[in-house]
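1. Sequence below, structure please.
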Amino acid sequence: MDLKKDKNTSFYLFISVIVIAVFRLILTAAIPLLDKTESRYGEIARIMYETKNWVVLQIDYGIPFWAKPPLSTWLSALSFETFGVSEMAARFPSFLLAVILLIVLGKLAKKEGVSFYLPAFILLTMPEFLIHTGVVSTDSALAFSIALIMISFWKAMQHEKYTFWNYLFFIAMGLGFLAKGPIILVLTVPPIFLWILLQKVSLKTVYLKLPWFTGILITAVISIPWYILAENRSPGFLNYFIVGEHFNRFLVPGWQGDLYGSGHSQPLGMIWVFLLAFAFPWIQIVLYKIWKERKSIFKDNYVSYLVFWLFWTPLFFTISKNILHTYILPVTIPIALLMVHWWKNYEKKKTMLAVGSIFPAVAILLFFGAFLTGKLDFYMNSDKYLIENQQIDFNKNEALYYWKGKSYSGQFYSNGKAKTVANTRELDSVMGITGKSYFVVTNKKIKDIPSEYKAQMKLLDSNFKSSIYLLKPE
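-> Residues are numbered from 1 along each chain as shown. The predicted structure is shown next:
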């Protein structure tokens with residue numbers, strides 16, 4: 001009877017994983033790049049692809065983007081080289097990284113005697129992981145690197161002889177520096193160090209288990225050359241990136257030094273709210289299990305390792321006010337691994353699978369509901385449809401302008417042709433140009449345009465956020 005239940009569970013996991021993964025792949029093509037973050041990184045990658053400048057990231061032509069290292073941008077730009085410029089091509093590397101990670105975790109699950117598809121189901125039903133399975137974001141590459149570092153370190157500690165895992169630890173560390181910078185050390189070294197202390201692992205053992213000289217050389221060769229080239233070609237990068245992005249962003253509330261946006265000020269401890277909301281329902285189950293077995297939890301080397309991995313990131317970001325929910329993405333992996341480790345002992349597996357299925361089921365229903373009712377275009381936080389529906393021909397003296405600031409999606413979907421009109425004086429100049437001129441205004445800012453100019457604007461289309469007009473209609 002138990003064997004039959006296991007077969008039914010495995011089949012449900014297999015079908016669910018395939019359906020959710022296919023749905024997520026469809027979304028990479030069906031949803032436009034969204035403002036601000038996703039379309040911003042998509043545009044940076046598009047400019048890299050167009051200009052062939054693979055060293056200095058650019059947020060606009062000739063304007064360097066110092067806030068992040070290049071790994072995710074390289075991947076999207078290479079995808080553009082392969083598939084052409086599109087939202088699916090921009091997102092495909094993130095989707096691919098997630099799939100690779102799910103395969104690695106699936107193999108680990110099989111060794112524990114549970115379904116290969118169990119960790120994939122757990123992760124794909126967690127809101128944070130599902131969202132990032134196909135999003136243009138630096139966080140996907142960071143989480144991928146952290147997962148490889150933490151898994152490979154554990155594996156290295158279990159083997160007497162060097163294996164691929166011993167070297168993967170340093171390869172992943174190099175990728176982490178290219179994914180998001182020195183923060184890779186902050187999010188991986190402390191939990192490993194605390195575990196070493198707790199389990200009384202000798203430093204000699206740690207030294208002998210990893211090829212430190214060769215490994216550090218591998219990490220350096222992978223990561224350092226880009227940093228040197230970036231500073232050489234864009235002086236000031238290292239100061240902004242190291243001091244601004246790695247200290248001021250986390251320690252200064254509402255940090256005003258951000259060149260590309262604003263600090264995301266949140267109440268202290270908000271990271272725990274994000275964790276409970278965006279890792280639902282698996283974090284709740286794991287926390288209950290940890291509390292229930294709190295007296296013996298640290299007697300198990302593997303479980304204690306995963307617990308340190310899980311709790312370190314939210315603990316670190318507890319003291320920061322400038323946070324996003326995306327910061328919890330790396331800890332979705334230890335949550336899944338803890339669930340896999342304890343899976344055989346859970347009694348209410350069907351209930352957990354049913355509750356876990358809620359978020360992807362709701363997401364699928366909402367998507368197709370919006371698609372069938374024709375509301376998808378209107379509610380997307382993107383200017384894609386406003387621009388593409390007008391079939392603007394930039395080769396025939398047609399132009400696209402934005403009132404007081406371009407959106408990143410406007411830049412991406414106009415292939416960098418969108419321009420900004422900062423004031424009425426510049427609007428006067430645009431009015432005097434021959435040829436069709438299209439004008440995008442956010443609905444909140446339309447009141448800032450004087451009535452005499454509004455009289456010369458014809459509304460063509462709009463969505464919940466912005467409207468596009470034709471200037472000087474005949």
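2. Might one say that Leu459 is in contact with Tyr469?
-> Yes: using Cβ atoms under 8 Å, Leu459 is in contact with Tyr469, at 5.7 Å. Using the backbone N, CA and C atoms, a C-beta is placed for each residue, glycine as well.
3. Who has more neighbours out of these two?
-> Higher neighbour count among Leu459 and Tyr469: Tyr469, with 23 against 13, using other Cβ atoms under 10 Å.
4. isn't the more buried one right next to Ser437, touching?
-> No: contact criterion Cβ under 8 Å: Tyr469 and Ser437 do not qualify, at 9.1 Å.
5. and Val99, how many residues sit next to it?
-> Neighbours of Val99 using other Cβ under 10 Å come to 16.
6. whoops, I mixed them up, Gly369
-> Neighbour number of Gly369 under other Cβ under 10 Å is 11.
7. what's the helix or strand for it?
-> helix 358-372 (DSSP states H and E).
8. Can you spell out which helices and strands pack onto that helix?
-> Contacts defined by 3 or more Cβ pairs under 8 Å, 6 or more residues apart in numbering; DSSP states H and E place helix 358-372 against helix 2-30, helix 127-132, helix 376-379.
9. Send me that helix as CSV with only the CA atoms.
-> Extracted in CSV, the C-alpha atoms of helix 358-372 (Å, rounded to 0.1, in the frame of the first residue of the first chain):
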residue,chain,number,x,y,z
ILE,A,358,-1.8,26.8,-4.3
PHE,A,359,0.5,29.6,-5.5
PRO,A,360,1.3,28.2,-8.9
ALA,A,361,-2.3,27.2,-9.4
VAL,A,362,-3.5,30.8,-8.6
ALA,A,363,-0.7,32.2,-10.8
ILE,A,364,-1.8,30.0,-13.8
LEU,A,365,-5.5,30.9,-13.3
LEU,A,366,-4.8,34.7,-13.0
PHE,A,367,-2.6,34.6,-16.1
PHE,A,368,-5.1,32.8,-18.4
GLY,A,369,-8.0,34.8,-16.9
ALA,A,370,-6.2,38.1,-17.7
PHE,A,371,-5.3,36.7,-21.2
LEU,A,372,-8.8,35.5,-22.1
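10. Give the buried residues for that helix.
-> Buried residues in helix 358-372, counted by 16 or more other Cβ atoms under 10 Å: 359-360, 363-364, 367.
11. Stretch 112-126 too?
-> Buried residues in stretch 112-126, counting neighbours by 16+ other Cβ under 10 Å, are found at 114-126.
12. quick one: average confidence on that stretch?
-> Across stretch 112-126, the average pLDDT comes to 95.
13. hmm, who's touching it?
-> Residues outside stretch 112-126 that contact it (Cβ atoms under 8 Å, 6 or more residues apart in numbering): 9-10, 13-14, 16-17, 20-21, 24, 98, 102, 105-110, 129-130, 133, 278-280, 282, 332-333, 335-337, 339-341, 343-344, 353, 356-360.
14. Generate the PyMOL command that creates a selection of the buried members of the residues you listed.
-> The PyMOL selection below is limited to those of these classed as buried (16+ other Cβ under 10 Å):
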select buried, resi 9+13+16+17+20+21+24+98+102+105+106+108+109+129+130+133+278+279+280+282+332+333+335+336+337+339+340+341+343+353+356+357+359+360
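15. Let me see the contact set for Ile387.
-> 400, 410, 413-414, 438, 440, 468.
16. What of Pro267?
-> By Cβ under 8 Å, 6+ apart, the neighbours of Pro267 are Lys321.
17. chain center to stretch 442-451, what's the gap?
-> 33 Å (Cα atoms, centre = their mean, to the nearest Å).
18. For it, list the C-alpha coordinates in CSV.
-> Extracted C-alpha coordinates of stretch 442-451, given in CSV (Å, rounded to 0.1, in the frame of the first residue of the first chain):
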residue,chain,number,x,y,z
THR,A,442,2.6,58.7,-17.3
ASN,A,443,-1.0,59.3,-16.2
LYS,A,444,0.2,61.0,-13.0
LYS,A,445,2.2,63.6,-14.9
ILE,A,446,-0.3,64.6,-17.6
LYS,A,447,-1.4,67.4,-15.3
ASP,A,448,2.1,68.9,-15.6
ILE,A,449,1.6,69.6,-19.3
PRO,A,450,0.1,73.1,-20.1
SER,A,451,-3.3,73.0,-21.8
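19. Contacts for it, please.
-> Stretch 442-451 is contacted by residues 403-404, 424, 427, 441, 454, 457, 462, 464-467 when judged by Cβ under 8 Å, 6+ apart.
20. picking that back up, adding pLDDT and distance to Ser382, write the buried residues of helix 358-372 out as TSV.
-> Listed next are those as TSV, based on pLDDT from 0 to 100; distance: Cβ to Cβ, whole Å:
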residue	pLDDT	distance to Ser382
Phe359	94	23
Pro360	94	22
Ala363	93	18
Ile364	93	20
Phe367	90	15
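21. Looking at those, which is nearest Tyr61?
-> Of all those, Phe367 has the smallest distance to Tyr61: 34.7 Å, by Cβ to Cβ.
22. give the contact list for Thr163.
-> By Cβ under 8 Å, 6+ apart, the contact list for Thr163 reads 155-156.
23. separation between it and Pro191?
-> Separation of Thr163 from Pro191 (Cβ to Cβ, to the nearest Å): 22 Å.
24. residue ranges with poor pLDDT in the stretch 101-250 of the chain?
-> Scanning the stretch 101-250 of the chain with the threshold set as pLDDT under 70 gives 246-250.
25. give the contact list for Met157.
-> 201, 205-206, 209.
26. what helix or strand is it on?
-> When elements are assigned from DSSP H and E, Met157 belongs to helix 138-158.
27. in that helix, what's buried?
-> In terms of neighbour count (16+ other Cβ under 10 Å), helix 138-158 has its buried residues at 138-157.
28. and the gap between Ala230 and Lys204?
-> Separation of Ala230 from Lys204 (Cβ to Cβ) stands at 38 Å.
29. the more surrounded of the two?
-> Ala230 (20 against 8).
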